[in-house]
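>>> Sequence below, structure please.
(4 chains)
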Protein chains: 2
Amino acid sequence: MPYRVPRMDELESTAWLELVTVLELLPAALDAQLQQASNITHFDFTVLSLLRFAPHRVLQMKELAVMTNSTLPRLSHAVSRLEGRGLLERLPCPGDKRATNVHLTDGGRRQVIRATPGHIAHVRRLVIDQLDRDDIAALGRIAGKIARNLDPTDRMANALGASSATQPVTVSGTRA
Amino acid sequence: MPYRVPRMDELESTAWLELVTVLELLPAALDAQLQQASNITHFDFTVLSLLRFAPHRVLQMKELAVMTNSTLPRLSHAVSRLEGRGLLERLPCPGDKRATNVHLTDGGRRQVIRATPGHIAHVRRLVIDQLDRDDIAALGRIAGKIARNLDPTDRMANALGASSATQPVTVSGTRA
DNA sequence: GTGGATTGGTTGTAGATGCAACTTATCCGG
DNA sequence: CCGGATAAGTTGCATCTACAACCAATCCAC
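Down below sits the predicted model:
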């Protein structure tokens, strides 16, 4: 164990430090904007957006959990809160009596649609607009490598990539 | 307001999606390893590491809050927990009676030193080893741009950059 | 088709973070 | 040197997340 530690050189430790800073600050910044504008977390927004573009605005709990890289308990709690506010509703799943379907209500749909422009604008200010075209391509490539290593199934990208085959749709509700 | 939404093209939304995935999974992965190996969070580890390399192993609460991109309340709670475990101690600050100094105890120092190799190895597995040399350079540059936009003072990098002028030291406790 | 294993989901509880309120000390303009 | 403003910290509470325990339905091997 104490043999020899795999240390980092300056290039590596700088990259790591900057990434840690982003990890610390960016989620808080995302939540802050959505909280004050729409009283939802970024996680909530992701759930609502996924439902918004799902067929019949319905997804199974398990599907949602996979797409959001989340756990079922966490999702269940979040869904309960959103259900309490009338933004979505639980329905029994016809095909599988174990499963629960989540349906975006009309009110929920209005809320997401209303929240989206401000969110996208914020993401631009925070990230996209700070980078040139090459940076953005590199960010996608690098974050993709890290993401697929963290979770080999790369669930959110795949989930959205599926529908984007015909009509590119992102979790932010944008279209190419 | 509904004028025209600044939508994202496919390059941008892919990059954003992959980044969001990393934001979701990486902190959990960092915490998981440190929790099971040393029963501390990644935030705790950062605090302890900063103290480890500080003069006399002492830093003021405010300094620590700035360096960790954290808030005073969050830090205060974390310090209380670590103090309860004997890893560090609060001391009155001689120069300013409002301030509180935090000192890393010998036990805390042993703990940090013991936790560091496993943490670095994990960071390598999760991130560094997935990337080639160019990726790492690009990651540092890109994350740096985002970080400095999120917080223009880029506090952690500066805090560590100060001491690294003569002796490169990272929050992970590595040296070049 | 029965029984054990697996899957989908919920609930309770404990731990961590954000925020607001509050205290004490320092700073500074007059 | 007095009083208001600001700075450093702490505390309490509400919220969110992780984890473990649990229930119910489905699958599957025999």
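
>>> Name whatever forms a beta bridge with A:Ile60.
Careful, residue A:60 is Gln and not Ile. A:Asn101 (DSSP bridges).

>>> ok, now A:Glu89?
As for beta bridges, A:Glu89 partners with A:His103 under DSSP bridges.

>>> pLDDT wise, what is it at?
Looking at A:Glu89, its pLDDT stands at 96.

>>> Which residues lie in contact with it in this structure?
If a contact means C-beta atoms under 8 Å, 6 or more residues apart in numbering or on different chains, then A:Glu89 has A:Glu83, A:Val102, A:His103, A:Thr105 as its contacts. Where C-beta positions appear, they are placed from N, C-alpha and C, glycine not excepted.

>>> Could you give the number of residues near A:Gly107?
Other residues near A:Gly107 number 12, with proximity taken as other C-beta atoms under 10 Å in any protein chain shown.

>>> Would you list the phi and psi of the closest residue to it other than its chain neighbours?
Of all residues not flanking A:Gly107 in the chain, A:Gly86 sits nearest, at 5.3 Å (C-beta to C-beta, 6 or more residues apart in numbering or on different chains). Main-chain torsions, A:Gly86, degrees, to the nearest 10: phi 80, psi 10.

>>> give me the element the spatially most central residue of chain A is part of.
A centroid search over chain A (C-alpha atoms, centre = their mean) returns A:Thr46, at 4.6 Å, as the residue closest to the centre. Per DSSP states H and E, A:Thr46 falls inside helix A:42-52.

>>> counting contacts, what elements does that helix pack onto?
The criterion is 3 or more C-beta pairs under 8 Å, 6 or more residues apart in numbering or on different chains; DSSP states H and E, and the helices and strands that helix A:42-52 contacts are helix A:10-38, strand A:58-60, helix A:61-67, helix A:72-84, strand A:88-92, strand A:100-104, helix A:106-126.

>>> Please name the spatially closest residue to A:Cys93 (chain neighbours excluded).
Here the nearest residue to A:Cys93 in space, its sequence neighbours aside, is A:Ala99; by C-beta to C-beta, 6+ apart that works out to 3.7 Å.

>>> Can you lay out the helices and strands packed on helix A:42-52 as JSON lines showing distance to DNA strand D?
Below are the helices and strands packed on helix A:42-52 laid out as JSON lines (distance: least, C-beta to the nearest atom of the strand, whole Å):
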{"stretch": "helix A:10-38", "distance to DNA strand D": "8"}
{"stretch": "strand A:58-60", "distance to DNA strand D": "12"}
{"stretch": "helix A:61-67", "distance to DNA strand D": "10"}
{"stretch": "helix A:72-84", "distance to DNA strand D": "3"}
{"stretch": "strand A:88-92", "distance to DNA strand D": "10"}
{"stretch": "strand A:100-104", "distance to DNA strand D": "11"}
{"stretch": "helix A:106-126", "distance to DNA strand D": "14"}
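
>>> Good, we can wrap up now.
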